[in-house]
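Colleague: generate coordinates for the sequence data below:
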Amino acid sequence: MSQAEIANHPLVTAIRSKTIKAGVIGLGYVGLPLAMSISRAGFQTLGFDIDAEKMVRIDAGNSYIEAVPSDVLAAERTAGRFSATDDFGRLAECDVIAICVPTPLTRYRDPDLSFVENTCRQIAKVLRTGQLIALESTTYPGTTDEIMRPILEASGLKAGEDFFLGYSPEREDPGNRDFNTSTIPKVVAGDGELASEMMKAFYGAVVDTIVPVTSVRTAEAVKLTENIFRAVNIALVNELKLVYDAMGIDVWDVIEAAKTKPFGYMPFYPGPGLGGHCIPIDPFYLTWKSREFEQPTRFIELAGEINTSMPRYVVEKLAEGLDRRLGKALSRSRVLIMGLAYKKNVPDIRESPSLRLMELILERGAQVEYHDPYLEEIPRTREYGHLKGRKSASLDQTTVDAFDAVVIATDHDSVDYASLEQWAPLIIDTRNVYARRGISSDKVIKA
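Modeller: Okay, here's the model as predicted:
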């Protein structure tokens, strides 16, 4: 197909004239902000989700995602550009479909692509000629070709001729007020020249900057590379924390001094473990896929071992602190976890190390509660169903007096750390909260 034929393809021209309808499957932390960006760019947008409660809240103009203010959601609905449904038969109405569903790991750290596979089966039921299907979920190189294509082609239509495939990895960062879906550069790739042009036309109209790459597999590898880089470097500083602690050196002081070097160094910070929907999970997608090519991924696997071991290190520091400072065994203690979310100032608990900390402390026979200003109650999770329903404790002197120790797992900005230091007999600080605030106290142990 010539460049002129590509440029004048009906779907390409319809995208450029904004006369298409776009569909977004999965209205969570990735999908709802994307749907709002598409709608605000001037496209008719239809959101899909299996969660009926989300449909109720969207219909009421009540956002459940911090990155999407309720007034923005309500305005797009009132303008008639955005609506949502749990009727997947309506996918036939959409010219461009973006898939934003979870890609978790199994308990054995193998990729769980069941959400992607089931979504593609739903699309295949109503797939029609001329549609563009774009995957945004993080996955291993080859997913679009090896998983999506066969399921969609079971409809009898052929990819690259009847319908088109693309990949554009999400780059959401919950709680980051400096960037949003529209301002974060977007990597895009299509399966073939025509699909690539469609992807560039569509996402180029939705976000400020697109970054076209040569193939779908390259785009799939980009997201993994970004998060493997972070996982490995966080593991490095977590390991340095253990080594320097044994030497009586504060790793936080080391990092603060090292980052003054204007070249050749980038600061990463230790913590109680990794959380979120990307960094703890994505590296293992490449580890799993690399076995097919008999290629070892030693750095990735070692980084995973170090990062997943950090909650145990924190609990050992807690037990040691209780014994040495208060003369009390962990098994006879009451512990308050400060912060349940995986990062500060968000209500997101996906893969949060705080949940693992709670589990480990309970296993040691202690009583444990949590306080989080963003999470009133622990929701249902895949791994920690036994913690569901626990409610956030209040944060006042009377409440804190009843605990033997506080573990700062997430450093939410809204917490009154100065008062907490006065109330608590012992604080295990995994985020360097007190040093960063210039508060020196013999009650505080860094971990």
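Colleague: if we ignore the residues flanking it in sequence, what's nearest the most centrally placed residue in the chain?
Modeller: With distances taken as CA atoms, centre = their mean, residue 277 lies nearest the centre of the chain, 2.9 Å away. Distances taken as CB to CB, 6 or more residues apart in numbering place residue 350 nearest to residue 277, at 4.7 Å, with adjacent residues excluded. Just so you know, the C-beta spots here come from the backbone N, C-alpha and C atoms, and that holds for glycine as well.
Colleague: re earlier: how about the contacts made by the residue nearest to the centre of the chain?
Modeller: Residue 277 is in contact with 29, 102, 348, 350-351, counting by CB atoms under 8 Å, 6 or more residues apart in numbering.
Colleague: who wins on neighbours among these?
Modeller: residue 29 (24 neighbours; other CB atoms under 10 Å).
Colleague: quick check: which helices or strands does the helix or strand of the chain with the lowest mean pLDDT pack against?
Modeller: Lowest on mean pLDDT, DSSP states H and E among the helices and strands of the chain sits helix 3-7, with a mean of 85. Judged by 3 or more CB pairs under 8 Å, 6 or more residues apart in numbering; DSSP states H and E, helix 3-7 is in contact with helix 193-206.
Colleague: give me the pLDDT for the residue nearest to residue 277.
Modeller: At residue 350, the model reports a pLDDT of 89.
Colleague: how close does it sit to residue 401?
Modeller: Distance, residue 350 to residue 401, by CB to CB, to the nearest Å: 32 Å.
Colleague: now do residue 95
Modeller: Per CB to CB, residue 95 is found 61 Å from residue 401.
Colleague: out of the two, which sits in the busier spot?
Modeller: Neighbours were tallied for residue 95 and for residue 401 using other CB under 10 Å; the higher tally belongs to residue 95 (21 against 10).
Colleague: now that one, nearest residue through space, not along the chain?
Modeller: Closest residue to residue 95 apart from its sequence neighbours, by CB to CB, 6+ apart: residue 20 at 3.8 Å.
Colleague: repeat that for residue 54.
Modeller: Of all residues not flanking residue 54 in the chain, residue 27 sits nearest, at 5.6 Å (CB to CB, 6+ apart).
Colleague: just to revisit the earlier point, I'd like the next helix or strand past the least confident helix or strand of the chain.
Modeller: helix 10-17 (DSSP states H and E).
Colleague: parallel or antiparallel, list what pairs with whichever helix or strand comes after that following helix.
Modeller: Downstream of helix 10-17, the next assigned helix or strand under DSSP H and E is strand 21-25. Within its sheet, and counting by DSSP bridges, strand 21-25 is paired with strand 44-48 (parallel), strand 96-99 (parallel).
Colleague: turn these into JSON lines, including mean neighbour count.
Modeller: Shown next, in JSON lines, are those (neighbours: other CB atoms under 10 Å):
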{"stretch": "strand 44-48", "mean neighbour count": "24"}
{"stretch": "strand 96-99", "mean neighbour count": "25"}
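Colleague: switch those strands over to TSV; also include mean pLDDT and distance to residue 77.
Modeller: As requested, those are exported to TSV (pLDDT from 0 to 100; distance: least, CB to CB, whole Å):
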stretch	mean pLDDT	distance to residue 77
strand 44-48	97	10
strand 96-99	98	19
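Colleague: mind putting those into TSV with distance to residue 432?
Modeller: Converted to TSV, the strands paired with strand 21-25 look like this (distance: least, CB to CB, whole Å):
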stretch	distance to residue 432
strand 44-48	40
strand 96-99	39
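Colleague: closest to residue 242 out of those?
Modeller: Proximity to residue 242 (CB to CB) singles out strand 96-99 among the strands paired with strand 21-25, at 40.2 Å.
Colleague: off-centre distance for the closest one?
Modeller: Chain-centre distance of strand 96-99: 19 Å, with CA atoms, centre = their mean, to the nearest Å.
Colleague: same check on stretch 215-223?
Modeller: Remark: stretch 215-223 is offset 18 Å from the chain centroid, using CA atoms, centre = their mean.
Colleague: do stretch 311-322 as well
Modeller: On CA atoms, centre = their mean, the centre of stretch 311-322 falls 27 Å from that of its chain.
Colleague: with just CA atoms, put that stretch into PDB.
Modeller: Once non-C-alpha atoms are left out, stretch 311-322 reads as follows in PDB (Å, rounded to 0.1, in the frame of the first residue of the first chain):
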ATOM      1  CA  PRO A 311       9.000  -6.400  54.700                       C
ATOM      2  CA  ARG A 312      10.700  -9.200  56.700                       C
ATOM      3  CA  TYR A 313      13.700  -6.900  57.300                       C
ATOM      4  CA  VAL A 314      11.300  -4.200  58.600                       C
ATOM      5  CA  VAL A 315       9.600  -6.600  60.900                       C
ATOM      6  CA  GLU A 316      12.900  -7.800  62.300                       C
ATOM      7  CA  LYS A 317      13.900  -4.100  63.000                       C
ATOM      8  CA  LEU A 318      10.500  -3.700  64.700                       C
ATOM      9  CA  ALA A 319      11.000  -6.800  66.900                       C
ATOM     10  CA  GLU A 320      14.600  -5.700  67.800                       C
ATOM     11  CA  GLY A 321      13.400  -2.200  68.600                       C
ATOM     12  CA  LEU A 322      10.600  -3.500  70.900                       C
END
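Colleague: what average pLDDT does it get?
Modeller: Stretch 311-322 shows a mean pLDDT of 97.
Colleague: kindly report the same for stretch 180-192.
Modeller: The pLDDT scores in stretch 180-192 average 96.
Colleague: show me what counts as buried in it.
Modeller: 180-182, 184, 186-192 (16 or more other CB atoms under 10 Å).
Colleague: residue ranges for the strands of this protein, please.
Modeller: Remark: strands assigned in the chain by DSSP state E are 21-25, 44-48, 82-85, 96-99, 132-135, 164-167, 186-190, 210-212, 334-338, 367-371, 405-408, 427-429, 444-446.
Colleague: indicate which one of these is closest to residue 245.
Modeller: Closest approach to residue 245 among the strands of the chain (CB to CB): strand 444-446, 7.9 Å.
Colleague: please consider this matter closed, and thank you.
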